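Generate coordinates for the sequence data below:
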Amino acid sequence: MSNNPKKKKSIFDVFDDIMREMEEEMREFEESFENLTKQGTKGENPYYYGVRIFVGPDGIPKVEEFGNIKKGKFGKPIVSDEIEPMVDVIDHNDEIWIVADLPGVAKENIKVNATEDKIYIKATGDMRKYSKEVELPSKIDPDSVKATYKNGVLEIKVKKKKEEPKGKEIKIE
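Numbers count the residues shown, from 1 in each chain. Prediction:
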């Protein structure tokens, strides 16, 4: 048997590579977090951090971070008073659905704004503040946005913008 260096990787090899990268990043994050904890924080903000692993519409696995801890300069963590909530974006036929976890917030304290390519979510509760800028997979009609909130979950449904044919009609002689 000969080892073929051009052998195609299996999906398991790809996931093993992703898991190794995540373990390394988590180890580095834990070290930074321990240093941050030893130094203390200026405010009384709790630490909130998580990752979500999913396969994108292009078939490539993706890792998405959420929470109130961000990487600052030189990889040092920064604790924000705003939490970036976990958000799912679902491309469904002629609509896009956005689902955001916003526990501890009253419906009256949630603001949703929309442009053709982004949804902006801001919410304030007694103990928490949330902020998220959601990039959309296609252009939308901002006037069609409908949002509901129940049991800490914000659901937003919006219609995709209908693509107008581009170009000029040619008169046939």
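
residue ranges for the helices of this protein, please.
11-39 (DSSP state H).

Could you name the residue of it that is farthest from its center?
Most distant residue from the mean C-alpha position of the chain: residue 173, 53.2 Å away (CA atoms, centre = their mean).

contacting residues for the nearest residue to residue 56 once chain neighbours are set aside?
Closest residue to residue 56 apart from its sequence neighbours, by CB to CB, 6 or more residues apart in numbering: residue 62 at 4.9 Å. Yep, even glycine has a C-beta here, placed from its N, CA and C like the rest. Contacts for residue 62 (CB atoms under 8 Å, 6 or more residues apart in numbering) come out as 53, 54, 55, 56.

from those residues, which is closest to residue 29?
Proximity of the contacts of residue 62 to residue 29 (CB to CB) peaks at residue 53, which lies at 15.2 Å.

How many residues are close by the closest one?
Each residue near residue 53 was counted by other CB atoms under 10 Å, and the total is 12.

Distance-wise, check the residue nearest to it when sequence neighbours are not counted relative to residue 99.
Using CB to CB, 6+ apart and skipping residues adjacent in sequence, the residue nearest residue 53 is residue 63, 5.5 Å away. According to CB to CB, to the nearest Å, residue 63 and residue 99 sit 19 Å apart.

just residue 152 next, same as before
11 Å.

again, but for residue 78
Distance from residue 78 to residue 99, counting by CB to CB: 27 Å.

What of residue 116?
On the measure of CB to CB, residue 116 and residue 99 end up 21 Å apart.

One more: residue 53?
17 Å.

likewise residue 91?
According to CB to CB, residue 91 stands 13 Å off from residue 99.

now residue 72
For residue 72, the distance to residue 99 - CB to CB - is 29 Å.

Show me which of the two is the more surrounded one.
Neighbours per residue (other CB under 10 Å) separate residue 72 from residue 99, with residue 99 holding more: 15 against 11.

which residue sits closest to that one, ignoring its sequence neighbours?
Among residues not flanking residue 99 along the chain, residue 88 sits closest, at 4.6 Å (CB to CB, 6+ apart).

Would you mind listing the outside residues contacting stretch 83-98?
With CB under 8 Å, 6+ apart, stretch 83-98 has contacts from 48, 50, 52, 57, 65-68, 99-102, 119, 121, 128-132, 134, 136-138, 140, 154-160.
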